[in-house]
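**Student:** Turn this into a model:
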Amino acid sequence: VYEITGDEVFAEAANDAADYLLSDEARPYGYTFHSRNAEGKDKCDGLIGQAAPIRGLARAGTVLDRSELLETAADVFLLHPFDDQLGLWERVEIDGDLHSFDRTLNHQLSFAAAASELAPIYETIDDKLERFLDHVNTNIEIYSNGLIKHYIHPSPLDAIRMTAVNSRHWPLLVNEAAIHYYSLSSSRRKKEIGYHPVNLSGLARLKREYSDHSFWKSETVERAITFVTSEEYAGDGGVFNISSGSMLPGIETAYGLLILDEREDVSDWIIRDIETRFDFVENMFEKNTDDPISQATKIYNLTLFPEMELYVR
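**Tutor:** Okay, here's the model as predicted:
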């Protein structure tokens, strides 16, 4: 908002938010960010819990010209072990303990996309993102209609190899069974539809930085784009009526189509979110959600688009 308006009050707010992320409260042990308190679950919230602060610090560091924000974002990103042969990152707990690979695909994509803003500055990060894209086609599993599955799916041989190297990677073996089991679940399929725009948006942000990579011409990308035109996705019972996954599915789908499919007009997808989720009294994306604060913050996604006129009924 500061970049758009030039109003210093927004620069002050952004600096305050960034300062919090540099605090001991946000990173109590100097490793990853403390992202959640949920019984029986990690406090780092996998890779997705780190993607948001990394992306925020990367953007703020650039706009506010604060190198320490960029350095913190890079440091936290590089704390996460990356396997060059598998092309995936491990989770790192807030005290530095390693929790093996994050098996959720949108987490891997969001983590990589968050760091893409750092890639032009840090060669080490650039190298890892290139390797991630080199392997992403083998790690993504999709249905015949193009819907992207929720879990990563490296080859069974890679899962066995990693578990033999270190026993903490045993969840990769469980993953091999889980991905087939959940393929038969209608409730899981509904969840996967909800996360399809998150995956498209993550891929689009990576393409913005790595537009020449061969992956963008793959059948995987083509089929994932085609799926959004289906009744299952865009119809009355589709992505706009699923509570899990994207909070602004129209806007994230629109960005995926704009970048991945190079479509010129994606306004109808954006308008659909505005009509169903934007409160014109409060001027915030607070409607039709159980978490109005989180949904309202997702308006930042609109800054990714070129200027366009939208006509809302």
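
**Student:** From here on, just use CA atoms for contacts and neighbour counts.
**Tutor:** Fine.

**Student:** Settle this for me: R188 is touching H180, isn't it.
**Tutor:** No. Using C-alpha atoms under 8 Å, R188 makes no contact with H180, being 11.4 Å away.

**Student:** Look at those two and report which has more neighbours.
**Tutor:** Taking neighbours as other C-alpha atoms under 10 Å, R188 and H180 compare with R188 leading, 15 against 10.

**Student:** Surely the more buried one is in a helix?
**Tutor:** Yes. Under DSSP: H, G, I helix; E, B strand; the rest coil, R188 sits within a helix.

**Student:** residues in contact with stretch 286-306?
**Tutor:** With contact meaning C-alpha atoms under 8 Å, 6 or more residues apart in numbering, stretch 286-306 is reached by 243, 247-248, 251-252, 255, 276-279, 284-285.

**Student:** Any buried residues in that stretch, and which?
**Tutor:** Within stretch 286-306, the residues that count as buried by 16 or more other C-alpha atoms under 10 Å are 286-287, 295-296, 298.

**Student:** First residue to last residue on that stretch, what's the distance there?
**Tutor:** 24 Å (C-alpha to C-alpha, to the nearest Å).

**Student:** where does it sit relative to the chain's centre, distance-wise?
**Tutor:** Here stretch 286-306 shows a centroid-to-chain-centroid distance of 15 Å under the convention C-alpha atoms, centre = their mean, to the nearest Å.

**Student:** now stretch 135-143
**Tutor:** Chain-centre distance of stretch 135-143: 16 Å, with C-alpha atoms, centre = their mean.

**Student:** returning to that earlier point: now the buried residues of stretch 286-306 as JSON lines including secondary structure, distance to E209 and pLDDT?
**Tutor:** As requested, the buried residues of stretch 286-306 are exported to JSON lines (DSSP: H, G, I helix; E, B strand; the rest coil; distance: C-alpha to C-alpha, whole Å; pLDDT from 0 to 100):
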{"residue": "E286", "secondary structure": "coil", "distance to E209": "31", "pLDDT": "97"}
{"residue": "K287", "secondary structure": "coil", "distance to E209": "33", "pLDDT": "96"}
{"residue": "Q295", "secondary structure": "helix", "distance to E209": "26", "pLDDT": "97"}
{"residue": "A296", "secondary structure": "helix", "distance to E209": "26", "pLDDT": "97"}
{"residue": "K298", "secondary structure": "helix", "distance to E209": "21", "pLDDT": "95"}
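
**Student:** For L70, state which of these is nearest.
**Tutor:** Checking the buried residues of stretch 286-306 against L70 with C-alpha to C-alpha, the nearest one is K298 at 21.8 Å.

**Student:** So which bits of stretch 160-168 are buried?
**Tutor:** 162-163.

**Student:** and what of stretch 220-227?
**Tutor:** Quick answer for stretch 220-227 (16+ other C-alpha under 10 Å): 220-221, 223-225, 227.

**Student:** cool, stretch 233-246 as well?
**Tutor:** With burial defined by 16+ other C-alpha under 10 Å, the residues of stretch 233-246 counted as buried are 233-234, 238-240, 242, 245-246.

**Student:** same check, this time on stretch 270-285
**Tutor:** When burial is assessed from 16+ other C-alpha under 10 Å, stretch 270-285 yields the following buried residues: 270-274, 277-278, 284-285.

**Student:** mind listing which of those are in helices?
**Tutor:** 270-274, 277 (DSSP state H).

**Student:** from the buried residues of stretch 233-246, which two are the most distant?
**Tutor:** Taking C-alpha to C-alpha, the two most distant members of these are A234 and G245; they sit 14.8 Å apart.

**Student:** sorry, back to before: state the pair within the ones in helices among the buried residues of stretch 270-285 that is farthest apart.
**Tutor:** Pairwise over those, using C-alpha to C-alpha, the maximum falls at I270 and R277, 10.6 Å.

**Student:** quick revisit: need the ones in helices among the buried residues of stretch 270-285 in a markdown table (columns: pLDDT).
**Tutor:** As requested, these are exported to a markdown table (pLDDT from 0 to 100):
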| residue | pLDDT |
| --- | --- |
| I270 | 98 |
| I271 | 97 |
| R272 | 96 |
| D273 | 97 |
| I274 | 97 |
| R277 | 97 |
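
**Student:** Among the residues you listed, which one lies nearest to V174?
**Tutor:** Out of those, the member with the shortest distance to V174 (by C-alpha to C-alpha) is D273, at 37.0 Å.

**Student:** is it true that the closest one touches I251?
**Tutor:** Yes. Assessed by C-alpha under 8 Å, D273 is found in contact with I251 at 6.7 Å.
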